[in-house]
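Asker: Need a 3D model of the sequence below.
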Amino acid sequence: MTMWTAVLVAAIVCVALKTVGYLIPPRWVEAPTPLRIADLLTVALLAALVAVQTLGAGQAVVVDARVPAVLVAAGLLLLRAPFLVVVIAAALVAALLRLWGWAA
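Answerer: Model prediction:
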């Protein structure tokens with residue numbers, strides 16, 4: 001299978017999924033259970049993305065300066081700090097740890 005074949009198959013699958021979405025009756029999607037599942041799925045996917053970006057390096061799990069930076073960011077978010085402060089503090093923690101040679 002060539003790269004272009006894979007791209008075309010993926011495009012066809014995406015269009016087919018979107019078409020199926022239009023064919024589903026609105027009352028099925030607007031019911032409480034699908035709405036709750038969609039909300040929880042969004043949070044789970046975001047959490048998985050954060051975990052992979054924090055701990056992943058190729059196929060390996062790596063604990064480096066990103067882990068304490070994410071923990072600082074989570075703590076500041078729990079304290080309801082402004083988002084800009086959270087980002088700057090997390091970046092500062094990661095930069096200082098890398099400067100001190102704790103984790104590259």
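Asker: Which helix or strand contains the residue positioned nearest the centre of the chain?
Answerer: Closest to where the C-alpha atoms of the chain average out (CA atoms, centre = their mean) is Leu49, at 2.8 Å. Counting by DSSP states H and E, the element that carries Leu49 is helix 32-55.
Asker: what's that helix in contact with?
Answerer: Contact partners of helix 32-55, identified using CB atoms under 8 Å, 6 or more residues apart in numbering, comprise Trp28, Val29, Val61, Val62, Val63, Arg66, Val67, Val70. C-beta here means a position set from N, CA and C on the backbone, and glycine is covered the same way.
Asker: Look up how far Pro32 lies from the last one.
Answerer: Val70 is 33 Å from Pro32, where distance means CB to CB, to the nearest Å.
Asker: Look at the residue nearest to the centre of the chain and report its pLDDT.
Answerer: For Leu49, the pLDDT comes out at 93.
Asker: roughly how far apart are Val50 and Leu77?
Answerer: Distance of Val50 to Leu77, computed by CB to CB: 12 Å.
Asker: same check, this time on Thr2
Answerer: Taken as CB to CB, the span from Thr2 to Leu77 is 45 Å.
Asker: Show me which of those two is the more surrounded one.
Answerer: When neighbours are counted by other CB atoms under 10 Å, Leu77 comes out ahead of the other of Thr2 and Leu77, with 13 against 7.
Asker: where does this structure have low pLDDT?
Answerer: Applying pLDDT under 70 to the chain flags residues 103-104.
Asker: any idea where the strands of the protein begin and end?
Answerer: Ranges of strands in the chain, per DSSP state E, are 56-57, 60-61.
Asker: most tightly surrounded among those strands?
Answerer: Each of the strands of the chain was scored by mean neighbour count; the highest is strand 56-57, a mean of 11, by mean count of other CB atoms under 10 Å.
Asker: Please consider this matter closed, and thank you.
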